[in-house]
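*Asks:* Just need the structure, nothing else, for what follows:
(2 chains)
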2 protein chains.
Amino acid sequence: MSSIPAADEIDEAKERAHFQAVVNAFKYYKLCCLDRIHKSEKIISILPDLHQKRLDKYRTYLTKFKKCLDVNNSVVHLIIKHVDTMFENVDHTIDPAETNGTEIGCNYNNCDISSQKKHKMQHDVEKVQTVIKNIVRDWSEAGAAEREQCYKPILDELEARYPKQEFIDRSHIKVLVPGAGLGRLAWEIAARGFSCQGNEFSLFMLFASNFLLNKCHEENEYTVYPWVHQYVNHMTSEHQVTQATFPDIPPSSHQSHFSITAGDFLKVYKTADDWECVASCFFIDCAPNVIEFIERIYEILKPGGIWINLGPLLYHYSDMPNEISIEPPYDILMDIISDVGFEILKEKTGVKTKYAQNPNSMLQNEYNSVYFVCRKPSS
Amino acid sequence: MSSIPAADEIDEAKERAHFQAVVNAFKYYKLCCLDRIHKSEKIISILPDLHQKRLDKYRTYLTKFKKCLDVNNSVVHLIIKHVDTMFENVDHTIDPAETNGTEIGCNYNNCDISSQKKHKMQHDVEKVQTVIKNIVRDWSEAGAAEREQCYKPILDELEARYPKQEFIDRSHIKVLVPGAGLGRLAWEIAARGFSCQGNEFSLFMLFASNFLLNKCHEENEYTVYPWVHQYVNHMTSEHQVTQATFPDIPPSSHQSHFSITAGDFLKVYKTADDWECVASCFFIDCAPNVIEFIERIYEILKPGGIWINLGPLLYHYSDMPNEISIEPPYDILMDIISDVGFEILKEKTGVKTKYAQNPNSMLQNEYNSVYFVCRKPSS
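*Replies:* This is a model prediction of the structure:
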């Protein structure tokens, strides 16, 4: 008889299956992206001769895109190289039967993945593409402008609240960064002497941050092509093959008082009065129920602790069928924050922030984000 | 024996089915959008009491949204009121069997539309929502800023090429606007004395432009709520219920030398050396094969005729499975335009243009469009 309750067994099986699905998405990255290039090549090949001739230069670029995919794929492989040892509570033994015999090297078009599974795989591979763009946002010189917009207000606030002159050893000030993504904000906070923990739910992000934070030791050691998957709104083909090197600064160089936890913020953080500061950036709208996030942040902050927030209200679950989502606008959100008990100390709206934006694209997305600082009363 | 060849019969049946599907989307608009509000209400109703209390104000707004839908729906009904007589070549008799017995008033959630058909219907209803946003872009005071960005460069160019002093009767100058949408640009050109024909493929747009151009006689006679379908990135709930009145100017007041044709640009326009000018705005990237559009524009222009273009390179077919799409970037596109035979007269890149953008949204999308003018050589 197993000593593990049945419900836990089911949860573990689900967790294992999800882990494997994410690993597979990384493994299929190149094949799936190659398929997209092959589709373009095939379409061009059936055009009239004159049209084909007029697209000669573009066809040359399609060949270049494949080389960019190879470079990205080598990074993708490094990311999943060490994931088997990432979490001790997960059995990462791969059952060949579970993977449908779909090894790397299998022709994605001809393999026996059903149409529905293929759709899911494409969706997952898009998340791998997002990871590559996030590497550039968080850990390359090319992402410096976005980080200045998004992270600097938070870092400045921490410096102002806990000035170095007054707090000589800031390692006693515990800062939590929920929705840590690839860890740059949390790392920057730790690099300034605070004790900082990042928390992240997505395995896609966790796999990549594990590689970045633990395996990247040399400045600009690696290269990626973040925009090679974007086929529209280009001024030149060269823009599609723009490269970025990373890390702009080796993350492994500042590791003291710094950690990343994996899992759902609401499940991982339950201890009341535990943190001096919660710093959330593009995070609160990832909640199915944002009120739960606000209440939990209030609960885990020490009396007198502060919450710094920056981001839009995209509400990620908004259009997902069968998912809970509530979407209060900003004015109602601030009423809720006050109602929960926070004192609003600072508030700024219309903060221009971009998220993994291709600077050369003809389509530019920009958020008018909100920035606020609030405090849990001292008693 | 029928005198119509079998292939034509199939085409006609397809056309009739498509026409009916678009009509149905307009008919289902309110029910489908109400469903979205009901979903939010249901989610809130199962939250803990305290959370429900904290969302009291937001719940009041959900009730307001329903009233906005009623107002939008009255416009939606006016749009489809006259469509039966729009095209002479289409039999608009509705077969009750074909519509699955889904009349207005049927509870969308409980009716017998299969899941796949429901998905298609939701997709089509989103196009109705887009039509409402385009009414604001093209025919309301609220759209004036976008029209200034997108249409003014084209109108200025026409004024400069065919100055009134020199061309006293401009009705002999034939201007074609492919991708005419709701017809404002074509109408503005006609209002300046040119002979102007707009061409549009989408029945969603054609239904609405038929209503706007032929049935709207009084300034700001109607009201719509263009952002009521947007649930995320709001600063205040009031922003979601922002209204716009239309038409800012009654379109039916200037009708001389002005027409709209329905159908595929490549099928409708085949006569060589026919037009003094083609003015395309947010159009060329709607082609599966943009080269065909460029070649056809060249062909139908009279020798010495000019092509004015403004827009991005979004390439609408790019990610549609089973569709042809080629996506040359701008530099390659310009090489093709020269190669086809055009002389490039003017070129401007990075032209800031928005498309049906909610000015109050926390997410702002902006195109760095390209603007160019080129000429078909005189001989």
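*Asks:* So in that sheet, which strands flank the longest strand seen in chain A, and in what orientation?
*Replies:* Among the segments of chain A that qualify as a strand by DSSP state E, the longest is strand A:363-375. Strand A:363-375 has its sheet partners listed here by DSSP bridges as strand A:301-311 (antiparallel), strand A:343-353 (antiparallel), strand B:363-375 (antiparallel).
*Asks:* and that strand, C-alpha only, in PDB?
*Replies:* C-alpha atoms of strand A:363-375 as PDB (Å, rounded to 0.1, in the frame of the first residue of the first chain):
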ATOM      1  CA  LEU A 363       4.200  48.000 -34.400                       C
ATOM      2  CA  GLN A 364       5.000  49.400 -31.000                       C
ATOM      3  CA  ASN A 365       3.100  48.400 -27.800                       C
ATOM      4  CA  GLU A 366       3.500  50.600 -24.800                       C
ATOM      5  CA  TYR A 367       1.800  50.500 -21.400                       C
ATOM      6  CA  ASN A 368       0.700  53.500 -19.400                       C
ATOM      7  CA  SER A 369       1.500  51.700 -16.200                       C
ATOM      8  CA  VAL A 370       0.600  52.600 -12.700                       C
ATOM      9  CA  TYR A 371       3.300  52.900  -9.900                       C
ATOM     10  CA  PHE A 372       2.300  53.000  -6.300                       C
ATOM     11  CA  VAL A 373       3.900  52.600  -2.900                       C
ATOM     12  CA  CYS A 374       1.800  51.700   0.100                       C
ATOM     13  CA  ARG A 375       2.400  50.700   3.700                       C
END
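*Asks:* what about it, distance to the chain center?
*Replies:* Distance of strand A:363-375 from its chain centroid, counting by CA atoms, centre = their mean, to the nearest Å, is 17 Å.
*Asks:* just stretch A:222-233 next, same as before
*Replies:* 17 Å.
*Asks:* hmm, that stretch touching chain B?
*Replies:* Yes - with CB under 8 Å from any CB of the partner chain as the measure, stretch A:222-233 is seen reaching chain B through A:Y231, A:V232, A:N233. Quick note: C-beta positions are derived from backbone N, CA and C, even for glycine.
*Asks:* How about stretch A:239-248?
*Replies:* Yes - applying CB under 8 Å from any CB, one finds stretch A:239-248 touching chain B at A:H239, A:Q240.
*Asks:* returning to what we had before: out of the strands paired with strand A:363-375, which gets nearest to A:V268?
*Replies:* strand A:301-311 (15.3 Å; CB to CB).
*Asks:* Buried ones in the closest one, by neighbour count?
*Replies:* When neighbours are counted by 16 or more other CB atoms under 10 Å in any protein chain shown, the buried residues of strand A:301-311 are found to be A:L301, A:G305, A:I306, A:W307, A:I308, A:N309, A:L310, A:G311.
*Asks:* before we move on, what about stretch A:60-77?
*Replies:* A:Y61, A:L62, A:K64, A:F65, A:C68, A:L69, A:N72, A:N73, A:V75, A:V76.
*Asks:* got a list of what the last one touches?
*Replies:* Taking CB atoms under 8 Å, 6 or more residues apart in numbering or on different chains as the definition of contact, the neighbours of A:V76 are A:F26, A:Y29, A:K30, A:V128, A:I132.
*Asks:* Check which helices and strands the host helix or strand of A:F19 sits against.
*Replies:* Element membership for A:F19 (DSSP states H and E) is helix A:6-45. Applying 3 or more CB pairs under 8 Å, 6 or more residues apart in numbering or on different chains; DSSP states H and E, one finds that helix A:6-45 contacts helix A:49-54, helix A:56-81, helix A:115-139, helix A:203-215.
*Asks:* Tabulate the ones you listed in JSON lines, adding columns for mean pLDDT.
*Replies:* As requested, the helices and strands packed on helix A:6-45 are exported to JSON lines (pLDDT from 0 to 100):
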{"stretch": "helix A:49-54", "mean pLDDT": "98"}
{"stretch": "helix A:56-81", "mean pLDDT": "97"}
{"stretch": "helix A:115-139", "mean pLDDT": "93"}
{"stretch": "helix A:203-215", "mean pLDDT": "96"}
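*Asks:* so how many other residues sit close to A:K270?
*Replies:* When neighbours are counted by other CB atoms under 10 Å in any protein chain shown, A:K270 registers 10.
*Asks:* Ignore what I typed, I meant A:D319.
*Replies:* Neighbours of A:D319 (other CB under 10 Å): 11.
*Asks:* ok, now A:G350?
*Replies:* 11.
*Asks:* show me the contacts for it.
*Replies:* A:G350 makes contact with A:N368, A:S369, according to CB under 8 Å, 6+ apart.
*Asks:* And the pLDDT at it?
*Replies:* At A:G350, the model reports a pLDDT of 98.
*Asks:* do the same with A:H257
*Replies:* A:H257 is assigned 94 on the pLDDT scale.
*Asks:* list the contacts for it?
*Replies:* A:S171, A:A190, A:G193, A:F194, A:S195, A:C196 are the contacts of A:H257 under CB under 8 Å, 6+ apart.
*Asks:* Report the separation between the fourth one and A:W187.
*Replies:* The gap separating A:F194 from A:W187 is 11 Å, by CB to CB, to the nearest Å.
*Asks:* hey, where'd the strands end up in the stretch 151-300 of chain A?
*Replies:* Under the criterion DSSP state E, counting those that start in this stretch, strands of the stretch 151-300 of chain A are mapped to A:174-178, A:195-200, A:222-224, A:244-246, A:258-262, A:275-281.
*Asks:* Residues contacting the second one, please?
*Replies:* By CB under 8 Å, 6+ apart, the list of residues contacting strand A:195-200 from outside reads A:170-181, A:183, A:185-187, A:189-190, A:206, A:209, A:257-263, A:265, A:268-269.
*Asks:* Pull out the buried residues from the residues you listed.
*Replies:* Buried members of these, scored by 16+ other CB under 10 Å, are A:170, A:173-181, A:183, A:185-187, A:189-190, A:206, A:209, A:257-258, A:260, A:262, A:265, A:268-269.
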